[in-house]
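Novice: Curious how this folds, go ahead:
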Amino acid sequence: MTRPAASQLGFFTAPATPVALTMGIDEAGRGPILGPMVLAAVALDSSAARALTRAGLCDSKKFGAGAEARLRRAAVASMIRARAAFVAIEVVEAAVIDARVDKGELNVLERECAARLISAGPPCKRIVADGATLFSPLRDQFPALRAYDRGESRHAAVAAASVIAKDERDRRFAALCDRWRDDFGEIAGGGYLNEPTRAFLRAYRDRFGDLPPETRRSWDCRF
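Specialist: From the prediction side, this is the model:
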């Protein structure tokens, strides 16, 4: 389903009997200049949380970087989708981010996405969001929500949301790299505003006279 602010994908598997669920909220890709930002929501019961933790679930950043890390995250993301009661994402493209950054509303945009994810999910006993300052304002709308820095240390559902968000971000950034590999070779830097990414953007601009459509033009584009 396409929305004005983002695209949302998700599923909910209703348990045979009602169980207490905890929903985790996290994002991936807030900082890069290239590619989308992805927010994710994952609802787990206590049995799934324990099983996933035993299977190696942790915050997505702890997997590291590179191809091997992406494969490990993808494997854990598959386990999460198999065990979770609810998984949903919102993908926010660069143009949408730019429009809201121009208004000083990036945090507002993230809260709007999170609110839609929560509203689309099942009733949950707890909602735990990663980012105390960012997500605490949502408590007025969702009394069960608590927002923490390092929210993944509070519940496995937040770690699961971080993995789902990063896995989707990985997939979409990989598609971008695949599209331009023949023209520019490997695109290093993960889309962050570092020298490898700057080198790609300079080469793209020199060839086509503009920046790729996936570029966040509200970031520092002076090269």
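
Novice: residues contacting residue 24?
Specialist: By CB atoms under 8 Å, 6 or more residues apart in numbering, the residues touching residue 24 are 41-44, 127-130, 151-152, 155-162. All C-beta spots, glycine's among them, are computed from the backbone N, C-alpha and C.

Novice: repeat that for 6 Å
Specialist: Neighbour list for residue 24: 42, 128, 157-158, 160-161 [criterion: CB atoms under 6 Å, 6 or more residues apart in numbering].

Novice: Residue 30 is in contact with residue 36, isn't it?
Specialist: No - with contacts counted by CB atoms under 6 Å, residue 30 stays clear of residue 36, the gap being 10.4 Å.

Novice: one step back: show me which of the contacts of residue 24 is closest to residue 192.
Specialist: Lowest distance from residue 192 to the contacts of residue 24 (CB to CB) belongs to residue 161, with 21.1 Å.

Novice: so who does that closest one touch?
Specialist: 24-26, 40-42.

Novice: So which bits of the helix or strand that it is a member of are buried?
Specialist: Assessed by DSSP states H and E, residue 161 sits inside helix 156-184. Across helix 156-184, burial judged by 16 or more other CB atoms under 10 Å covers 156-170, 172-173, 176-177, 180.

Novice: what's downstream of that helix, the next helix or strand?
Specialist: With elements assigned by DSSP H and E, the helix or strand that comes after helix 156-184 is helix 195-208.

Novice: Past the helix or strand bottoming out on mean pLDDT in the chain, which element shows up next along the chain?
Specialist: Least confident helix or strand, the chain: strand 7-12 with a mean of 56, by mean pLDDT, DSSP states H and E. As assigned by DSSP H and E, the chain's next helix or strand after strand 7-12 is strand 22-28.

Novice: angle of the following helix or strand past that next one against strand 22-28?
Specialist: Note on strand 22-28: by DSSP H and E, the next helix or strand toward the C-terminus is strand 37-44. Counting by axes from the mean of the first three to the mean of the last three CA atoms, to 10 degrees, strand 37-44 lies at 160 degrees to strand 22-28.

Novice: what mean pLDDT does strand 37-44 have?
Specialist: In this model, strand 37-44 carries a mean pLDDT of 98.

Novice: which residues touch it?
Specialist: By CB under 6 Å, 6+ apart, the list of residues contacting strand 37-44 from outside reads 21-25, 27-30, 84-92, 113, 117, 121, 124, 157, 160-161, 164-165, 168-169.

Novice: Looking at residue 30 and residue 36, which has the bigger crowd around it?
Specialist: Shown here are residue 30 and residue 36; by other CB atoms under 10 Å, residue 36 has more neighbours (25 against 16).

Novice: Tell me how far residue 151 lies from residue 144.
Specialist: Counting by CB to CB, to the nearest Å, the gap from residue 151 to residue 144 is 14 Å.

Novice: I'm done for today, thanks for sticking with me.
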